[in-house]
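Undergrad: Quick one: sequence plus predicted model below, questions after.
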Amino acid sequence: MNRAKCLVDGQEWAAEEFSRQDLQWQKPRRKSFVCLACNAPAVYRAGAQRRPSFAAQHTADCALKAVAGWSAFKFLQ
């Protein structure tokens, strides 16, 4: 996910915007997010080989839930 809501400050964050914050500031917030559509718990993910994003265990009917095994690459093949 590109966006999630932080439970610490109540703000909606874009993953790229969150990644630009100080690491000490990020630390207590990284695991304090929820999905904007289903309110499932979410976490912030980033790394040297990974784009900043949020991950969640979405509810079955969540509009933001990714379909397993499907990608734009497969669609274009």
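TA: Looks like it arrived, so ask away.
Undergrad: ok, residues contacting stretch 32-43?
TA: 1, 3-8, 12-13, 30-31, 44, 54-59, 61-65 (CB atoms under 8 Å, 6 or more residues apart in numbering). All C-beta atoms are positioned from the backbone trio N, CA, C, and that covers glycine.
Undergrad: In this protein, what residue spans correspond to helices?
TA: Shown for the chain, the helices assigned by DSSP state H span residues 15-19, 23-26, 72-76.
Undergrad: Centre of the chain to the shortest one, how far?
TA: For helix 23-26, the separation from the chain centroid amounts to 17 Å (computed by CA atoms, centre = their mean, to the nearest Å).
Undergrad: worst average pLDDT in the helices of the chain?
TA: Mean pLDDT is lowest for helix 72-76 out of those, coming in at a mean of 49.
Undergrad: Would you point out which residue is most central in the protein?
TA: Nearest residue to the geometric centre of the chain (CA atoms, centre = their mean): F54, 1.5 Å.
Undergrad: Does that residue have any beta-bridge partners, and if so which?
TA: Note on F54: beta-bridge partners by DSSP bridges are Y44.
Undergrad: pretty sure it contacts M1?
TA: Yes. Between F54 and M1 there is a contact at 4.3 Å, judged by CB atoms under 8 Å.
Undergrad: what residues are shared contacts of those two?
TA: Going by CB under 8 Å, 6+ apart, residues that sit against F54 and also against M1 are A15, C35, A42.
Undergrad: Chain neighbours aside, what residue packs nearest to the first one?
TA: What sits nearest to A15 in space, not counting adjacent residues and going by CB to CB, 6 or more residues apart in numbering, is P52, at 4.0 Å.
Undergrad: which ones are touching the one you found?
TA: By CB under 8 Å, 6+ apart, the contact set of P52 is A15, E16, F18, S19, Y44, R45, A46.
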